[in-house]
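Here's my sequence, what's the structure:
(chains A and B)
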Amino acid sequence: MIALEDVHKSFGDSEVLRGVSMSVSRGEVVCLIGASGSGKSTLLRCINGLETYDRGKVEVEGRRVDSKSPAIREIRADVAMVFQRFNLFPHRTALENVMEGPLYVKKEARSVVEQRAKKLLARVGLEDKERAHPSQLSGGQQQRVAIARALAMAPKAILFDEPTSALDPELVGEVLAVMRALADEGMTMLVVTHEMGFAREVADRVVFLDRGAILEEGPASEVLTSPREERTRDFLRRVTHP
Amino acid sequence: MEGFWVDTRAFLPLLLRGAVLTVVVTLGALALSTVLGLVWALFRVSQVPVLSYFSKGVVNTIRGIPILVQLFYIYFVLPEFGIELTALQAGVLGLGVAYSAYQAENFRAGIEAVDPGQIEAAQALGMSRGLVLRRVVLPQAFRIALPPYGNTMIMMLKDSSQASVITVAELTQQGRLIASSTFKNTSVFTLVALLYLCMSVPLILFAGRLERKFGRK
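As a prediction, the model looks like this:
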């Protein structure tokens, strides 16, 4: 469903992605791991066109991702994104945040959208926070609203960009629980994360990105417990025993 | 003191008529400057080089010329090109255009202060540029620009007195006319100052309330 072929990307002189090829199949959960600056977030952002790429090919369900083309909006509606810093709209309530996409992008009827948004908030455990503004919510609650906002578009896949990195440690669990439930329901997910426990438990596949290139990939049990590459071992040591 | 009350009774009706014109000039110029300012600001952030440079040129030109000179230009020079305006129209146009430059800078600062993550989140939902602007950027920029906007309203109320130089019989002009014919400078200008305060203090309170209301969320 998501396919990248020899994707290159530079910011000025620094080459952030150096020929990345990978794919994510329908219903698959793939965790993207690697040191900071290894190009994980850039890679994710190339998939929904928030970032342009210089060379290679990115496709979503056979449609080429081109951030300059108007067709990018359809791809974005199909591939939702959850951000590290939540990026909820601060001037709207939790419910309005969830309703925004279906109402104004998909132009669905308000009554239908509202019912669905309420159900989605309930699904992430926030049925009592419909009228709260983001500033009145904890980080974990905000991220759960952001996940509900992504789900409201009925996406075919969700990209998660370090969804728990900005959270206090005690709030990480509630967000991971929602993501785990989504994975169980068969949602296609590409997750940039430092949560190795989550990756081990939930991911079908783990991809280790090193200095803009894929160094190692395979089933989570293999890559995380007996990595082939020395750099992967190094990285995992640093993450698990900081 | 008794003399002041007598003068008040005598001059207040005329001064109030001037105050009404002050309000008309202020509201007219406020509306015009808001619309034009928003247009300049949107041009400036449009990422279309021609529009952006045009807006920059217009704003800098307007900011670089004193309001009085702009008013003289509109009232005395435009007729030479066949554009005849009444003093009131010229006053509203002059102040509106002059203040549009400051409004544009306020709005631009507001738009640019919106977190880029907000725009990305909106784009990630599949929103078009117009929708991102309307649903996400402008509502947040509006809240950021509100305190300086309130300030601008108050400055405009006071600067509407500049329209007196092109014979708009607003409050200051009325005061000057009465004072020069009666020589009751103290009474007249005290009344003029009090009338300005009566208009600006509610405006100051209103601006503060707006700021509190929208600044909270």
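
Find the nearest non-adjacent residue to the one residue sitting closest to the centre of chain A, please.
By C-alpha atoms, centre = their mean, chain A has its centre lying nearest to A:Phe160, at 1.4 Å. Using C-beta to C-beta, 6 or more residues apart in numbering or on different chains and skipping residues adjacent in sequence, the residue nearest A:Phe160 is A:Val191, 4.3 Å away. C-betas here are computed from N, CA, C, even on glycine.

Make sure the one you found is indeed in a strand.
Yes. The assignment for A:Val191 (DSSP: H, G, I helix; E, B strand; the rest coil) places it in a strand.

Would you mind checking which helix or strand in chain B has the lowest mean pLDDT?
Lowest mean confidence among the helices and strands of chain B (mean pLDDT, DSSP states H and E): helix B:185-215, at a mean of 88.

on contacts alone, who are the packing partners of that one?
Applying 3 or more C-beta pairs under 8 Å, 6 or more residues apart in numbering or on different chains; DSSP states H and E, one finds that helix B:185-215 contacts helix B:2-44, helix B:138-159, helix B:171-182.

Tell me what angle it forms with helix B:171-182.
Angle of helix B:185-215 versus helix B:171-182, following axes from the mean of the first three to the mean of the last three C-alpha atoms, to 10 degrees, is 170 degrees.

Flag every buried residue along the longest helix seen in chain A.
When chain A is parsed with DSSP state H, its longest helix is helix A:169-184. Of all the residues in helix A:169-184, those buried under the rule 16 or more other C-beta atoms under 10 Å in any protein chain shown are A:171-172, A:174-176, A:178-179, A:182-183.

And the contacts of that helix?
A:29, A:124-125, A:138-141, A:143-144, A:147, A:151, A:158, A:160, A:163-164, A:167, A:189, A:191, A:195, A:198, A:201-202 (C-beta atoms under 8 Å, 6 or more residues apart in numbering or on different chains).

low-scoring stretches of the chain, by residue?
Answering for chain A, as no chain was given. A:242 (pLDDT under 70).

The chain in question should be chain B.
B:1, B:214-217.

50 instead?
By pLDDT under 50, the weakly predicted segments of chain B are B:216-217.

What residues does it have near chain A?
B:115, B:117-118, B:120-128, B:131, B:135-136, B:139-140, B:143, B:217 (C-beta under 8 Å from any C-beta of the partner chain).

Give the buried subset of those as a PyMOL selection command.
This is how PyMOL selects the buried members of these, with burial counted by 16+ other C-beta under 10 Å:
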select buried, chain B and resi 118+120+121+122+123+124+125+126+127+131+135+136+139+140+143
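
Among the residues of chain B next to chain A, which ones are in helices?
Per DSSP H, helices hold the following members of those: B:117-118, B:120-124, B:131, B:139-140, B:143.

re the thing from before, how near is the residue nearest to A:Phe160 to chain B?
15 Å (C-beta to the nearest C-beta, to the nearest Å).

now do A:Asp13
Relative to chain B, and taking C-beta to the nearest C-beta, A:Asp13 is found at 23 Å.

what about that residue, neighbour count?
5 (other C-beta atoms under 10 Å in any protein chain shown).

for the one 4 residues further on, same thing?
Here the count is done by other C-beta under 10 Å, and A:Leu17 has 27 residues near it.

hang on, it in a helix?
No. Assigned with three-state DSSP, A:Leu17 falls outside any helix and is strand.

quick one: secondary structure of A:Ser38?
Look at A:Ser38: counting by three-state DSSP, its state is coil.

is the closest residue to it other than its chain neighbours in a bridge, and if so with what?
With C-beta to C-beta, 6+ apart as the criterion, A:Ser38 has its nearest non-adjacent residue at 4.6 Å, and that residue is A:Leu209. Bridge pairing for A:Leu209 (DSSP bridges) gives the partners A:Ile214.

wait, isn't A:Leu209 in contact with A:Ile33?
Yes. A:Leu209 is in contact with A:Ile33 according to C-beta atoms under 8 Å; the separation is 7.2 Å.
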